[in-house]
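Enquirer: sequence-free structure coming up:
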């Protein structure tokens, strides 16, 4: 996401780092999004096994938040990819929502090598000091390790789906072209951009080589993702392989960026609820259920 999308948040949230301590992955909200909005949704853990796990990536140990139905195995798997704020309470809650539907849902903390995203109080510094230093290659490798962990811990990775929000929406497109993903759902992820050493490709560059169809859920009032970039992505998908051609977009005309983020003022209940219904139906339609 572009810096300008966060300017209003940055202006109103001026907490010092000593005022916020992250207890565990998914255990609290990131400092940069405090205070959370009154309409924030909370999903309980009744009937679930939920909490932090550790995923080996070579010699590194990556924290992640996992939620799944208690005592059950051979579960379809959903990777949940966070926004720039990392795996805070909202992302953990999304994982629990999937677990309540019968999934093994897992959200890896993909920024942890570069720093603690939850501790930053200024979004501009979070973007420049941490997010801008995270290589796509590292992220894709960490997601591969997450899939391997899921397979070894009760997941049926032949039924693998991926979904992500904002920063994670962009990664959803990339991972759907990288790994044997059956299906993906990208929530307002950036589609185009300048190529750099750390970001050598963007979704539009891999659109034609998807391994599974992706549903894109985007806001018509998203100032950081112009609708002409969506049109360019649609054209690239139409010229691609079978999975690319099956991919679809849903545009919510009145919705801004982050319309699913119920803990923020950008939340739009109607668009968020419709998007969630489409998301879960998309997974089921394409064999991840």
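Expert: Here it is on my side, so go on. Since the structure is predicted, the reported quantities are computational estimates derived from the model, not experimental observations.

Enquirer: okay, CA-based contacts and neighbour counts for the rest of this
Expert: Fine.

Enquirer: mind listing the strands for the stretch 151-289 of the chain?
Expert: In the stretch 151-289 of the chain, the segments counted as strands under DSSP state E, counting those that start in this stretch are 155-165, 183-187, 214-219, 248-252.

Enquirer: Can you tell me how far the residue nearest the centre of the chain is from residue 78?
Expert: In the chain, the C-alpha nearest the mean C-alpha coordinate belongs to residue 164, at 2.1 Å (CA atoms, centre = their mean). Distance of residue 164 to residue 78, computed by CA to CA, to the nearest Å: 10 Å.

Enquirer: Three-state assignment for residue 98, please.
Expert: Following DSSP: H, G, I helix; E, B strand; the rest coil, residue 98 is assigned to helix.

Enquirer: What pLDDT does the model give it?
Expert: With respect to pLDDT, residue 98 scores 98.

Enquirer: Next up, the contacts around it.
Expert: Residue 98 makes contact with 67, 68, 78, 104, 105 under the criterion CA atoms under 8 Å, 6 or more residues apart in numbering.

Enquirer: Look up how far residue 78 lies from it.
Expert: Here the distance between residue 98 and residue 78 works out to 8 Å (CA to CA).

Enquirer: if we can go back for a sec, once you drop chain neighbours, what's closest to the residue nearest to the centre of the chain?
Expert: Nearest residue to residue 164, sequence neighbours excluded (CA to CA, 6 or more residues apart in numbering): residue 81, at 4.3 Å.

Enquirer: which of the strands of the stretch 151-289 of the chain sits most buried?
Expert: The highest mean neighbour count among the strands of the stretch 151-289 of the chain, using mean count of other CA atoms under 10 Å, belongs to strand 183-187: a mean of 29.

Enquirer: any residues touching that one, and which ones?
Expert: Identification of contacts with strand 183-187 by CA under 8 Å, 6+ apart yields 160-166, 168-170, 172-173, 176, 211-218, 279, 282-283, 286, 288.

Enquirer: Try it again at 6 Å.
Expert: Contacting residues not belonging to strand 183-187 are listed as 161-165, 169, 172, 212-217 [CA atoms under 6 Å, 6 or more residues apart in numbering].

Enquirer: which of the residues you listed lies closest to residue 248?
Expert: Closest to residue 248 out of the contacts of strand 183-187 is residue 215 (5.0 Å), distances taken as CA to CA.

Enquirer: Read off the pLDDT value for the residue nearest to the centre of the chain.
Expert: Turning to residue 164, the model gives it a pLDDT of 98.

Enquirer: and what of the one 5 residues further on?
Expert: The per-residue pLDDT reported for residue 169 equals 98.

Enquirer: again with residue 212
Expert: 98.

Enquirer: Residue 210 is in contact with residue 182, correct?
Expert: No: using CA atoms under 6 Å, residue 182 is not in contact with residue 210, being 9.5 Å away.

Enquirer: hang on, the earlier thing: identify those among the contacts of residue 98 that sit within strands.
Expert: Among the contacts of residue 98, DSSP state E puts 67, 68, 78, 104, 105 in strands.

Enquirer: what sits opposite the second one in the beta ladder?
Expert: Beta-bridge partners recorded for residue 68 (DSSP bridges): residue 49.

Enquirer: For residue 201, see how far away the closest residue to residue 230 other than its chain neighbours is.
Expert: Leaving out its chain neighbours, the residue that sits closest to residue 230 by CA to CA, 6+ apart is residue 191, at 7.2 Å. In this view, residue 191 and residue 201 are 10 Å apart by CA to CA.
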